[in-house]
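[1] predicted coordinates and the sequence they were generated for:
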Amino acid sequence: MSNNHLIVGLGGTGGKVIRALRKIVKTHTDANGKSPSEANFEYAYLDTSDGLVNEADKWSVLGQDCSLARAQMGIYAASGVRPILQDPDSYPGMRDWIEPRRVFDFIDSGTAGAAQKRKLGRLVFAQNARQISQLFEDRLQALESSGSKTAQATIHVICGLAGGTGSGFMIDTVAQLRKLRPNDANYRILVYALLPDEGSSWAKSVSGFGTYYANGYAALSELNAMAARRYQPVNVLDGSRIEATKFFNGCYLVNNINENRVRFGMQEDVPHIIAEFLYQKTLNKRWEGLARIENGENDTNFIEKDDGIAARAKLFMSFGIKRVVVPEHEIKEYLAYGFAEQATRQLMFNNFRQGEGFSDEPVYKDWGAEVRKPEVKENLLISDSHLTLDRGILEDDAKAGWKLIDEYWPQVAATLEAHIKADKTIKESEWIRTLRIRLSDVFDDTYRRLGGVRKFYEVKSQARLEMARHIVRRIEREFFSRWNSGELSLLQLRQYVDAVLDDMTQRKKDYEDKAQTTVSAMQKLDEDLQRLVRDFNDVGTLGRLFTDKRDTRFAEAREKLQLLFSKNTWREGYMFGQRLIPLVLDELTVLRGKIDQIHVQLSEATEAIRNEQNNRLRTDKEEVCQTQVFDMDAVRDLLRRMTLDERGQIERTQRVRKAIVALAGIEVDSFEKLASRVNMNNLITTLSQQAAEITDTAHTELAQSSPVMHVNIVERLSRQYAANSQALSSFVADLYREAGNMVPFNKAEVERRVPGNEAASAGLQQAICVMLPECEEQREFRQHLDDLFRRQKDAGTSVPSVIEGTLTNEVVVIKVSSLMPARYVETLSFLKSHYDGLCKIPDEAVLLHGEGDGSKLPPLFAPTGVELQSRRQRKPYLLLGRLVNFVKVRENPTTGLKEWIIQSKDRDGFICINTLTGGGDWAKVWESEQPEALQKGIDAAVKAELAANYVHRERKDALYQQFVAVANERLEQSAHNPSDAQYVELRAMIPMIKDLIGIREEATA
């Protein structure tokens, strides 16, 4: 048997099963890509809505992406079918079955999905059939070129029967797949069909003519007709008929209630159960009985016949599955999510408390005092010296080698002083004035080689925004580095930024005050200078000759002047700082926003992670398809030990931090880059992935004596039940009950023997398998469990196969039933009641079926012996009535529509006209049950006519030849197919036709 498996998901149900299966496969695959299953899976998902694809958070498990590649899916809009409806002759694959086109008038640009219309679903499939067929071929080739490289595969087609997409795509999907791979032995096709659930909220009208339930019956009818070889679908690519010996090898029917009345959730539980069944089938290949029962090896008669005509295929099946599992995946998720929350707390708050772990509160600190430290301001480029451009901010300015203001003017003044005193052309009385003039020239024209102080600040003002950004970039790098190293948390950084903002805001006001204060100081210096000039000039001849008063006064004047120009430069610097600080504040606010953005995302991720953890290992929400066995106290204890391990926590959270930073690239040093790359999806994914890997390591380090993962289920069950045999027996009995077939059965139909099919086997073929892992430490208990499973089997079923399970952490019970016609399903009569009601509306009947209105499909319910006998007589009388012209077609005088009638006379000789059921289509009249009184009238009229006018042998032979001509005409219409159902039916009538006409077989010697 091939290990290649193509999973074809149609519509929402198919997509959910694919998603669940991919998550199961990913869960059981280790970090090296090794899986316990040898199966090679490929996928093809078809839908008319991208809603399922867009649920990105649901396509991952513990941070591992399980989404499909673009090449594995096709999403097709129903609103695009208008061109076909307007020009059907250009589309031969659709032309013959889209009439009447008026039934599609409801379609517009807002039509969602296939609008629960099977015919619309088929039309969407047909319009995109080439792409779909190519998608199937590509996926099959991908399987065939995989590791096994075998030209074999099992194709699993999964859909819901109640909607428009899955149910509408189903027939053509199976037909196109079989056309691509005709060999039904090497390429087995199995269908998994989800039946409509009673009381569904999706049903628009459970009592009237809503399509939800009728779709289910119509889809089953078409599947049955294909399997019974009564329906060869049109090839939607070219209009020909697709023929196959076996379109599909079997069809599993699934409901949300099993045969033991255990109920499952329709939207989540059932898709997961189907996915689990698929995985277990491919994982535990030792169960040889599965292949036998799926192939129906105990019965060679796969079709029930009505009066010799194929009617109901016995290719329908059902299954049930129940797992008892040590939920390693959920335990791992629980621990991982618990650690992930600790990691986000460290990132946000960085407050480890003994006996508690990382808290969700910050470490409080006086960040205002921190910002006021000179070394901090210097490092962050926000000192007064930087903000006033006493020192350069931008890299080029910092490298320019500027003298500080308070160093620059003393040096310039001292140099000028020496030059003036050495210049003998300058009178001593002019020294102070000359010094002031020359300092003014420097101030106005040559300061820092940019044309003076005011010009310097004017030029530099053009780069204020660049300076502000450079400052904040420096702050951001510093803060990011300290966060990246684990020194500070996001909340601490936010408080730090707030402190810088407050400090800068206050300093802007201080600069305004200092600029004003500097003006006053300069005025005071001017007054001092005027006094010094007077004192300088008042020094007499003797003073100049015998004392150094003038030199002293000149030195004092030089000091006053250098201070005056220094303050004037500071005044310009303060005014520059007043204009620079708002830009810095703006950039800091942006930085604060980026930090807040990351903090908010981490907060939301923490909440999401907490919710995910709360949904794991819930004892109040036991899944009906599995029973979990684990020690919750031991799990919580391990998480507690992980949480309180301070040294380990710091190392582990630092690993998470680096993984989050890596989301923005290799060399990341800013919150801006990180915020632009981080979103909720990749954040949670990264947290989950890292937490899962860390949890594995922590479990190995901390749980050696009491492991909660990698535990054998037999050993765990032994702890719980070894001392209580009665409880263990009840436990096994409950497993069988919950593993019942996923459809309730109609017991009367199961036991019923259909007339004409007595040679076929009665009832269901059933098999049960228990996957029980080996456990050397609990060998005796395992043997006891093995014996118990064999003794507790369902009454009337064969002894279950107990085989060694592949996965050591689970016991799996699977039940499969086959060789069942659809009539065995209990809800079928309920579905039929809705179907019959909707089919009374001609246009709705057309929308229910891929072709026609369903009247030519074989019945899903078998007739009783009385009904069969009546049917055997009804059609011959009806046909003879037409041949003798008692039954004829006419145009209704009121409606103008064609109809078939029988003309007779009452007792008084008056002519009576009775209209036959079925309208103007003879095929419908032929298949329809006529009212009892009308049928009796037909029978009586035919008998009377034959008795009166068909006594002579020549007239009898002529009438019989008319019958032969009808049969031959039907053979020609069916392209000379001797297996055509109607032709076979006509041939089966030969004895009765001869008997009614009165033709006796001549005795042979």
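    Right, received. Where do you want to start? Residues are numbered from 1 along each chain as shown.
[2] use CA for all of it now, contacts and neighbours both
    Fine.
[3] which residues does Arg482 contact?
    Residues near Arg482 by C-alpha atoms under 8 Å, 6 or more residues apart in numbering: Leu488.
[4] sec struct for Glu604, please.
    Following DSSP: H, G, I helix; E, B strand; the rest coil, the label given to Glu604 is helix.
[5] neighbours of it, how many?
    Counted with other C-alpha atoms under 10 Å, residues neighbouring Glu604 total 14.
[6] return the distance of stretch 391-402 from the chain's centre.
    Remark: stretch 391-402 is offset 56 Å from the chain centroid, using C-alpha atoms, centre = their mean, to the nearest Å.
[7] can you read off the pLDDT for Asp620?
    Listed pLDDT for Asp620 reads 63.
[8] next, give phi and psi for the closest residue to Arg353 other than its chain neighbours.
    Ranked by C-alpha to C-alpha, 6 or more residues apart in numbering and with sequence neighbours excluded, the top spatial neighbour of Arg353 is Ser359, at 6.7 Å. When read as degrees, to the nearest 10, the backbone of Ser359 gives phi -90, psi 160.
[9] what sits against Ser359?
    345-346, 349-353.
[10] again, but for Asp528
    Contacts of Asp528 by C-alpha under 8 Å, 6+ apart are Lys560.
[11] ok, it to Leu702 distance?
    Distance of Asp528 to Leu702, given as C-alpha to C-alpha, to the nearest Å: 80 Å.
[12] next secondary structure element downstream of the helix or strand harbouring Val324?
    Secondary structure assignment for Val324, by DSSP states H and E: strand 316-325. As assigned by DSSP H and E, the chain's next helix or strand after strand 316-325 is helix 328-348.
[13] mind giving me the packing neighbours of that next one?
    Contact partners of helix 328-348 among helices and strands, from 3 or more C-alpha pairs under 8 Å, 6 or more residues apart in numbering; DSSP states H and E: strand 357-358, helix 490-538, helix 549-614, helix 632-644, helix 646-661, helix 680-702.
[14] the first one pairs with which strands, and in what direction?
    Partner strands for strand 357-358, per DSSP bridges, with pairing direction: strand 352-353 (antiparallel).
[15] quick check: mean pLDDT across stretch 402-414?
    Averaged across stretch 402-414, the pLDDT comes to 93.
[16] rewinding a little: which of the helices and strands packed on helix 328-348 is buried the deepest?
    strand 357-358 (a mean of 23; mean count of other C-alpha atoms under 10 Å).
[17] can you pull the buried residues of the helix or strand following that strand?
    Using DSSP H and E, the helix or strand that follows strand 357-358 in sequence is helix 367-372. Residues of helix 367-372 classed as buried by neighbour count (16 or more other C-alpha atoms under 10 Å): 367-368, 371.
[18] with stretch 837-847 instead?
    In stretch 837-847, counting by 16+ other C-alpha under 10 Å, buried: 837-839, 843-847.
[19] turn those into JSON lines, including secondary structure and distance to Lys524.
    What follows is the buried residues of stretch 837-847, written out as JSON lines (DSSP: H, G, I helix; E, B strand; the rest coil; distance: C-alpha to C-alpha, whole Å):
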{"residue": "Gly837", "secondary structure": "helix", "distance to Lys524": "107"}
{"residue": "Leu838", "secondary structure": "helix", "distance to Lys524": "104"}
{"residue": "Cys839", "secondary structure": "helix", "distance to Lys524": "107"}
{"residue": "Asp843", "secondary structure": "helix", "distance to Lys524": "103"}
{"residue": "Glu844", "secondary structure": "helix", "distance to Lys524": "102"}
{"residue": "Ala845", "secondary structure": "helix", "distance to Lys524": "105"}
{"residue": "Val846", "secondary structure": "helix", "distance to Lys524": "104"}
{"residue": "Leu847", "secondary structure": "helix", "distance to Lys524": "100"}
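[20] columns pLDDT and distance to Thr685 on top of the residues you listed, output as JSON lines?
    Below are these laid out as JSON lines (pLDDT from 0 to 100; distance: C-alpha to C-alpha, whole Å):
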{"residue": "Gly837", "pLDDT": "90", "distance to Thr685": "50"}
{"residue": "Leu838", "pLDDT": "90", "distance to Thr685": "48"}
{"residue": "Cys839", "pLDDT": "90", "distance to Thr685": "50"}
{"residue": "Asp843", "pLDDT": "90", "distance to Thr685": "50"}
{"residue": "Glu844", "pLDDT": "91", "distance to Thr685": "47"}
{"residue": "Ala845", "pLDDT": "91", "distance to Thr685": "48"}
{"residue": "Val846", "pLDDT": "92", "distance to Thr685": "48"}
{"residue": "Leu847", "pLDDT": "92", "distance to Thr685": "44"}
